[in-house]
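A.B. asks: Sequence plus the predicted model coming up.
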Amino acid sequence: MFNLDANAARSADNKSSFIDEAGKYLGAFNRAEYMEKQDTGSTGIGFTYKTREGAEAQFYLNLTYQHGTKNDGGYALMNAIMACLQLRTVGAPQPMEIEKWDKDSSSRVKVSVPSFKELCGKPLGLLIQMEIEKNSITGMERPTIFAPFSAESEKTASEILDPRCTSPAKLEKMVQQVMKRPVVDRRPKGTAQAQQGVQHQSGPMADGPEEYDQDIPF
């Protein structure tokens, strides 16, 4: 009468609907919303990530600062995500109906937003680190993307793009690195409860994709 559904079994003791711990997750984006600030012209992508167990996290990937200055870190992360999804190109954002939280009604409502559909619904692994933002008053932790990886092979972006790489090796080392410091406090030194030192912004993307041109294996 019944066959074991491993994902359903896992969800039974997953009481949190939000990702609130650092670690390695498997899931997919169900929102990749193109966002632009009218006053500054800065652009980015608003992601909602849902794990196979049903926990969610939201991320904002900054692509350009005001006046169109490229954010190199955001650009590298975007390309790493594309590599892990085996996407050579992502087209212009198209209208897509999604559910978003509405503060006025205190409920989820369906809205149409410009979205990158190619990034949605495809299995993707994320190594997540928690962070306290530099301007945080409450000290609340939020999840950030340390690095994406292939949900199927567990290869990182650079491993996927390297034709000589036959098996994943970098992810477990990165997991160990994250778990040594699962929460990064970016508040200035001297702030109450702020940790000593701040992780370099480019650290998570040190494994970003290289440009192989004709050697891209997908």
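C.D. replies: Structure's in. What do you need? Numbering: from 1, shown residues only.

A.B. asks: which of the residues in the lengthiest strand in the chain are buried?
C.D. replies: If you go by DSSP state E, the chain has its longest strand at strand 23-36. For strand 23-36, a neighbour-count test (16 or more other C-beta atoms under 10 Å) marks 23-35 as buried. For the C-beta atoms, the positions are set from N, CA and C on the backbone; glycine is no exception.

A.B. asks: Contacts only, for the residue positioned nearest the centre of the chain.
C.D. replies: Among the residues of the chain, the one closest to the centroid is residue 145, at 4.1 Å (C-alpha atoms, centre = their mean). Going by C-beta atoms under 8 Å, 6 or more residues apart in numbering, residue 145 touches 59, 61, 77, 126-128, 204.

A.B. asks: which non-adjacent residue is nearest residue 68?
C.D. replies: residue 41 (6.4 Å; C-beta to C-beta, 6 or more residues apart in numbering).

A.B. asks: And residue 18, how far from residue 101?
C.D. replies: 12 Å (C-beta to C-beta, to the nearest Å).

A.B. asks: before we move on, what about residue 78?
C.D. replies: Separation of residue 78 from residue 101 (C-beta to C-beta): 24 Å.

A.B. asks: and the angle for the longest helix seen in the chain with strand 23-36?
C.D. replies: Longest helix in the chain, counting residues (DSSP state H): helix 72-84. Put simply, helix 72-84 runs at 120 degrees to strand 23-36, going by axes from the mean of the first three to the mean of the last three C-alpha atoms, to 10 degrees.

A.B. asks: strands paired with whichever helix or strand comes after helix 72-84, and their directions?
C.D. replies: Per DSSP states H and E, the first helix or strand lying C-terminal to helix 72-84 is strand 94-102. Strand pairing for strand 94-102, using DSSP bridges, gives strand 107-115 (antiparallel).

A.B. asks: Just the buried positions in the longest helix of the chain, please.
C.D. replies: Those would be 73-84, for helix 72-84 by 16+ other C-beta under 10 Å.

A.B. asks: who does that helix touch, helix- and strand-wise?
C.D. replies: strand 56-64, strand 124-132, strand 142-149, helix 157-160 (3 or more C-beta pairs under 8 Å, 6 or more residues apart in numbering; DSSP states H and E).

A.B. asks: repeat that for 7 Å
C.D. replies: strand 56-64, strand 142-149, helix 157-160 (3 or more C-beta pairs under 7 Å, 6 or more residues apart in numbering; DSSP states H and E).

A.B. asks: Same list (those) but as TSV, adding distance to residue 107 and mean pLDDT.
C.D. replies: Converted to TSV, the helices and strands packed on helix 72-84 look like this (distance: least, C-beta to C-beta, whole Å; pLDDT from 0 to 100):
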stretch	distance to residue 107	mean pLDDT
strand 56-64	15	96
strand 142-149	22	97
helix 157-160	37	98
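
A.B. asks: name the element the residue nearest to residue 68 belongs to?
C.D. replies: In the assignment (DSSP H and E), residue 41 maps to no helix and no strand.
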